[in-house]
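# The following block contains a protein sequence and its predicted model.
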Amino acid sequence: MSSTGHEPPPFFNRGPAPLVRLLFFVAISLALLVADLRLHMLEWTRLTVATLVWPIQRAAWLPIQAAGNIGHYFIRQSDLQADNESLQRQRIKAAKLLLRQRHLEDENQRLRILLDMKMRQPVNGQIAEIIYAARDPFSRHVTIDKGLQQGIQAGQVIVDERGVMGQVIRSFPHTAEVSLLTDKQQAIPVQVQRNGLRSVLSGAGNGRLELRFLTTDTDILVGDVLVTSGLDGIYLAGLPVAKVIKIEHDNANIFARITCAPLAGIEHHGLVLVLDARTPLALPPTEDLVPEKSKRGRKEKQ
Amino acid sequence: MQSPHAMRRILLPVKNWFIVMTLFAALLLNMVPVGYFPGIPDWIALVLVFWCLHQPLKVGMGTGFMLGLLMDVVDASVMGQHALAYVCLAYAAARLSRRVLWFPLRQQALHVLLLLLSGQLIMLFARMVSGAHFPGFSWFFSSFTGVLLWYPLTYLLLAPQFRPQEKDFHRPI
């Protein structure tokens, strides 16, 4: 209704006012943000849109891939030979360990049967290639070229030849999104290889990792290697993860600031191994805590 | 250099398929994986601002919202992040369109710089609230490179609308 008391003529009708439209779209966007960040409800939308957009995305990626292939075509013969030789040498070095490992695994199995312990799950993996890093500058995600069609599921672990790289967080039909260890929202249970001290390692965002909540008198040194502890049942125990590079003690804080560098070539792109999915262990029961808390809250209110 | 408005040239009406095609091309360019290389402009934001300035009745917040959702999925960012920024960009550009187009291209580019930077600030805010890490100031380079492209972009996107110039001295317009 206009100020004159009757509606404007319909021939220049442009729909709702711009400000109304802005508020409408902003409200929807904010609702989407909250639904995705807090409630994680939009995974199916993402899957649908990603499947629809995949051909276009593939088309955009083709020229880059073609340029890369042309670069590979013009590689020098001598480079190839040097590469080949170094790989051969590595293989012979690794053969010593591999030959022993077969024997050790059999022995381990027999000992475990003798001790009546739970058998370790054998783990296989499939090789995937990192296609590109996601454009999102706020996180450290990469995309690999295997997805739902190859049986990749969210939660699977990615390793390279030197250590753990990250974890699959979303799986699309032909690709999967991997959150690298250096992502700020990624955490991994680890233990210090030297003394078995257990902790949780979190990403710090800038290509570094952080060991949080370890007091200043904890026995940890620069150069210590951290390996997965396997406590959560998702990561295999004993995979190398990171190396401590800096320990800062601050008198104002009871916790030390421990910075670590990942062992795997996290910012490099190449071939990776996707370890098969494992069933995570059940979380400890939390029901006992919840009613107590609410009771306490009520008491305080009264 | 003068803006098309100040040049006093009558432009042909824009073709809808051309707008769709340029937005699609921008989408393709945005999908090219470049990793964390700084200074790659956000093509969709740039083309969207262009059309919202030049054709505010044809391209608006709805288009921005849809493109934003697409970018959210493609970029693997949080749903709604690009949508929010693009909707605000489209609104601001449409409000400014009557005024900005009369300025020379250099001053237009300054306006666009402010628009693109505020769009990036909105995205930054949306993500920092949710606990993401600060991507570094080099991330803002993309707005500056985008603005440098405003000059060629204007000529490229307006090219189909330029009528061949025929001097008719009897009817000078």
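Everything's here; your move.
# Whichever residue of the stretch 51-200 of chain A sits closest to chain B bridge partners, please.
Nearest residue of the stretch 51-200 of chain A to chain B: A:Y132, at 3.3 Å (Cβ to the nearest Cβ). The C-beta positions use only the backbone N, C-alpha and C, and glycine is treated the same way. Listed by DSSP bridges, the beta-bridge partners for A:Y132 are A:T143.
# what sits against it?
Listed by Cβ atoms under 8 Å, 6 or more residues apart in numbering or on different chains, the contact partners of A:Y132 are A:61, A:142-143, A:269, B:33, B:35.
# Where neighbours are concerned, which of these has the most?
Within these, most neighbours by other Cβ atoms under 10 Å in any protein chain shown means A:V142, with 24 neighbours.
# That residue is in contact with A:L180, isn't it?
Yes: counting by Cβ atoms under 8 Å, A:V142 does reach A:L180; the two are 6.4 Å apart.
# Between those two, which contacts overlap?
A:G166.
# remind me which residues of chain A are low pLDDT?
Scanning chain A for pLDDT under 70 picks out the ranges A:1-10, A:117-122, A:281, A:286-302.
# Geometric centre of it: which residue is closest?
Taking Cα atoms, centre = their mean, the centroid of chain A lies closest to A:S179, which sits 2.7 Å from it.
# Give the helix, strand or coil label for it.
The three-state label given to A:S179 by DSSP: H, G, I helix; E, B strand; the rest coil is strand.
# Would you mind naming the residues that bridge with it?
In beta-bridge terms (that is, DSSP bridges), A:S179 pairs with A:H141, A:Q167.
# Run through the residues that contact it.
Applying Cβ under 8 Å, 6+ apart, the residues near A:S179 are A:139-141, A:166-169, A:185-186.
# again, 6 Å this time
With contact taken as Cβ atoms under 6 Å, 6 or more residues apart in numbering or on different chains, A:S179 is in contact with A:141, A:166-167, A:169, A:186.
# Check the gap between the residue lying closest to A:F138 once chain neighbours are set aside and B:A126 for me.
Sequence neighbours aside, B:A132 is the residue nearest to A:F138 in space, at 3.8 Å (criterion: Cβ to Cβ, 6 or more residues apart in numbering or on different chains). Distance, B:A132 to B:A126, using Cβ to Cβ, to the nearest Å: 9 Å.
# next one: A:V272
A:V272 is 31 Å from B:A126, by Cβ to Cβ.
# can you check A:V26 too?
For A:V26 relative to B:A126 (Cβ to Cβ), the value is 11 Å.
# Look at those two and report which has more neighbours.
Remark: of A:V26 and B:A126, B:A126 carries more neighbours, 23 against 19, as counted by other Cβ under 10 Å.
# Using PDB, write out the CA atom coordinates for the helix or strand where B:W17 lies.
Per DSSP states H and E: B:W17 is located in helix B:16-31. Extracted in PDB, the C-alpha atoms of helix B:16-31 (Å, rounded to 0.1, in the frame of the first residue of the first chain):
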ATOM      1  CA  ASN B  16      19.900 -12.500 -22.000                       C
ATOM      2  CA  TRP B  17      21.900 -15.400 -23.400                       C
ATOM      3  CA  PHE B  18      25.000 -13.200 -23.300                       C
ATOM      4  CA  ILE B  19      24.500 -12.500 -19.500                       C
ATOM      5  CA  VAL B  20      24.000 -16.200 -18.800                       C
ATOM      6  CA  MET B  21      27.000 -17.100 -20.900                       C
ATOM      7  CA  THR B  22      29.400 -14.700 -19.200                       C
ATOM      8  CA  LEU B  23      28.200 -15.800 -15.700                       C
ATOM      9  CA  PHE B  24      28.800 -19.400 -16.800                       C
ATOM     10  CA  ALA B  25      32.200 -18.500 -18.100                       C
ATOM     11  CA  ALA B  26      33.000 -16.900 -14.700                       C
ATOM     12  CA  LEU B  27      31.800 -20.100 -13.000                       C
ATOM     13  CA  LEU B  28      34.200 -22.100 -15.200                       C
ATOM     14  CA  LEU B  29      37.100 -19.800 -14.400                       C
ATOM     15  CA  ASN B  30      36.300 -20.000 -10.700                       C
ATOM     16  CA  MET B  31      36.400 -23.800 -10.900                       C
END
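# tell me the angle of whichever helix or strand comes after it relative to helix B:16-31?
The element immediately downstream of helix B:16-31 (helix or strand, assigned by DSSP H and E) is helix B:43-54. Here helix B:43-54 runs at an angle of 150 degrees relative to helix B:16-31 (axes from the mean of the first three to the mean of the last three Cα atoms, to 10 degrees).
# The helix or strand following helix B:43-54 close to chain A?
Following helix B:43-54 in sequence order, the next helix or strand is helix B:61-74 (DSSP H and E). Yes: judged by Cβ under 6 Å from any Cβ of the partner chain, helix B:61-74 comes into contact with chain A through B:61, B:65, B:73.
# need the contact list for the first one.
Spelled out, it's B:M61. A:21, A:25, B:87, B:90-91 are the contacts of B:M61 under Cβ under 6 Å, 6+ apart.
# thinking again about what came up before, ok, so of the contacts of A:Y132, who is nearest A:S199?
In terms of Cβ to Cβ, no member of these lies closer to A:S199 than A:V142, at 25.6 Å.
# which intervals of chain B have sub-threshold pLDDT?
Looking at chain B by pLDDT under 70, you get B:1-8, B:35, B:164-168, B:171-173.
# got a list of contacts for stretch B:142-160?
Taking Cβ under 6 Å, 6+ apart as the rule, stretch B:142-160 contacts B:18, B:39-42, B:46, B:50, B:105, B:109, B:112-113, B:116-117, B:120.
# nope, stretch A:40-47 is what I meant
A:35-36, B:73, B:79.
# Now the two most distant members of those.
Farthest pair in those (Cβ to Cβ) is A:A35 and B:V73. Separation: 14.3 Å.
# The two: which has the busier surroundings?
Neighbours per residue, other Cβ under 10 Å: of A:A35 and B:V73, the larger number sits with B:V73, 22 against 16.
# Skipping its backbone neighbours, what lies nearest that one in space?
Per Cβ to Cβ, 6+ apart, closest to B:V73 is A:V49, 4.3 Å.
# The one you found contacts B:V74, correct?
No: assessed by Cβ atoms under 6 Å, A:V49 is found out of contact with B:V74, at 8.5 Å.
# quick one: the top helix by length along chain B to helix B:61-74, angle?
Counting residues, the longest helix found in chain B (DSSP state H) is helix B:105-129. If you take the same axes, to 10 degrees, helix B:105-129 sits at 50 degrees to helix B:61-74.
# rewinding a little: format the contacts of A:S179 as JSON lines; extra columns: neighbour count.
Shown next, in JSON lines, are the contacts of A:S179 (neighbours: other Cβ atoms under 10 Å in any protein chain shown):
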{"residue": "A:H141", "neighbour count": "21"}
{"residue": "A:G166", "neighbour count": "26"}
{"residue": "A:Q167", "neighbour count": "21"}
{"residue": "A:I169", "neighbour count": "19"}
{"residue": "A:Q186", "neighbour count": "21"}
